[in-house]
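Peer 1: following is a predicted model, sequence given first.
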Amino acid sequence: MNLRIPGPTPCPPEVLQAVGRQMINHRGPEFAEMLARIDKGVKHVYQTKNDVLFLTSGGTGAMEALVVNTLSPGDRVLGVSIGSFGDRLASIAETYGADVVRLKFEWGKAADPGEIDKALAADPSIKAVLVTHNETSTGVCNDLESIARTVRKHGDLLILVDAVSSLSSVPVCVDEWDLDAVASGCQKGWMVPPGVTMVSMSARAWKAYEQAKMPRFYFDVGKALDFAKRGQTPWTPAISIFFGLDVALGILLKEGLESVFARHERCGSLSREGAKGMGLQLFADERYASNTVTAVKVPEGVDGRDLTKMLREEYDTVLGGGQQHLAGKIFRIGHLGYVQETDIQAVLDALSKALPRLGFSPSRAAAS
Ligand code: PMP
């Protein structure tokens with residue numbers, strides 16, 4: 001099966017083998033050695049010297065960790081959103097009592113640093129900015145470097161980033177861009193089944209942690225740091241997923257970050273050019289098109305749900321559908337993690353066969 005949703009992503013065979021290993025004592029030396037190795041590799045990928053904490057959760061747990069470890073009820077925060085995951089991050093902060101000023105951009109567009117600048121200038125009481133790096137629901141990758149630079153002009157605000165569908169596939173320079181807390185999840189570009197997430201914490205984020213009054217227990221990164229010093233996690237970790245992450249990091253680092261990023265660029269570009277070549281239209285503003293997920297408009301007259309069903313049942317190809325108001329209107333090709341151009345070419349071939357059967361002629365549209 002060609003699984004091309006934007007996560008969970010397929011895993012290399014060595015990773016699948018590793019997750020099937022016998023259990024070990026999570027308070028013993030073997031786990032401690034593995035955790036140290038993983039910590040080193042993950043910091044390299046995060047391009048950071050900051051602490052990185054490991055949580056047993058899905059990506060939403062890591063998003064929650066960003067919020068509850070740095071904020072207090074009543075804190076005013078800017079919730080930048082360009083799609084469903086940006087909305088989710090703002091909602092998590094609201095759920096825990098933050099006073100969220102929502103700055104929403106049209107789905108398909110990137111966040112405009114100029115608008116962020118204006119929002120921060122208009123409200124000096126804002127303490128933190130919540131932002132999604134790569135918006136998986138729309139296939140847009142924000143210019144995080146510019147956004148971070150803009151926020152920094154306003155002082156020591158916290159920059160809390162959901163980098164779940166970008167980190168390890170496209171550059172995220174945590175130290176260089178001065179990002180305070182950054183969440184990632186291993187079921188995306190890291191090529192591992194779901195279950196372990198990571199959150200980096202800058203010195204500024206740790207300072208905020210000391211003051212933060214939101215309730216936290218399972219996702220308390222301070223506890224995670226205390227236990228990490230002993231080569232452990234506070235609670236029983238998803239040991240099998242750590243086995244997988246250990247092996248996957250070896251594969252990633254052997255390929256080298258630059259090659260990994262270049263491969264994602266090629267796969268992103270092939271998806272976009274292939275779709276356009278068929279006469280399809282991209283959903284995302286192409287200047288900010290993501291190199292991990294491509295959102296494509298379902299052509300007029302075709303129901304996107306029929307298309308994804310046919311691809312799944314008859315062409316062994318699994319694509320993502322549209323979320324919320326985009327259900328049936330877009331489909332999404334995931335190209336992150338364990339992916340090569342041949343996998344994307346296979347998706348394009350399947351599309352070129354399925355679409356005419358649903359009333360859309362790719363060749364005619366491309367020629368017109
Ligand atoms: N943020 C982004 C950008 C994501 O793509 C996802 C998963 N699609 C999440 C957060 C949430 O991750 P999970 O589904 O593992 O909770």
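Peer 2: Cool, the structure landed.
Peer 1: pull the distance from stretch 71-90 to the chain's centre.
Peer 2: 16 Å (CA atoms, centre = their mean, to the nearest Å).
Peer 1: the strands in the chain, which residues?
Peer 2: For the chain, the strands defined by DSSP state E cover 2-4, 51-57, 76-81, 99-104, 128-132, 134-135, 140-141, 158-162, 181-185, 195-201, 293-297, 317-319, 330-334.
Peer 1: which residues does the second one contact?
Peer 2: Under the contact criterion CB atoms under 8 Å, 6 or more residues apart in numbering, strand 51-57 has outside partners 35, 38-39, 42-43, 46, 61-62, 65, 195-201, 206, 218-219, 221, 224-225, 228, 233, 235-238, 241-242. For glycine as for every other residue, the C-beta is placed from the backbone atoms N, C-alpha and C.
Peer 1: so what's Thr70 closest to, chain neighbours aside?
Peer 2: Counting by CB to CB, 6 or more residues apart in numbering, Thr70 lies nearest to Ala208, which is 4.3 Å off, once chain neighbours are set aside.
Peer 1: wait, that neighbour sits on Leu157?
Peer 2: No - between Ala208 and Leu157 there is no contact under CB atoms under 8 Å: 10.1 Å.
Peer 1: shared neighbours of the two, anything?
Peer 2: In terms of CB under 8 Å, 6+ apart, Ala208 and Leu157 are both contacted by the residues Ala128.
Peer 1: of the two, who's got more company?
Peer 2: Using other CB atoms under 10 Å, the more surrounded residue of Ala208 and Leu157 is Ala208, with 23 against 19.
Peer 1: so what's that one up against?
Peer 2: With contact set as CB under 8 Å, 6+ apart, Ala208 has these partners: 69-71, 128, 158, 180.
Peer 1: distance check, it against the ligand.
Peer 2: Remark: distance between Ala208 and the ligand (CB to the nearest ligand atom, to the nearest Å) = 21 Å.
Peer 1: cool, and Leu53?
Peer 2: Between Leu53 and the ligand the distance is 17 Å, computed by CB to the nearest ligand atom.
Peer 1: list the residues that contact the closest residue to that residue other than its chain neighbours.
Peer 2: Take Leu53 and drop its neighbours on the chain: the residue closest to it by CB to CB, 6+ apart is Ala224, 4.0 Å away. By CB under 8 Å, 6+ apart, the residues touching Ala224 are 53-55, 233-234.
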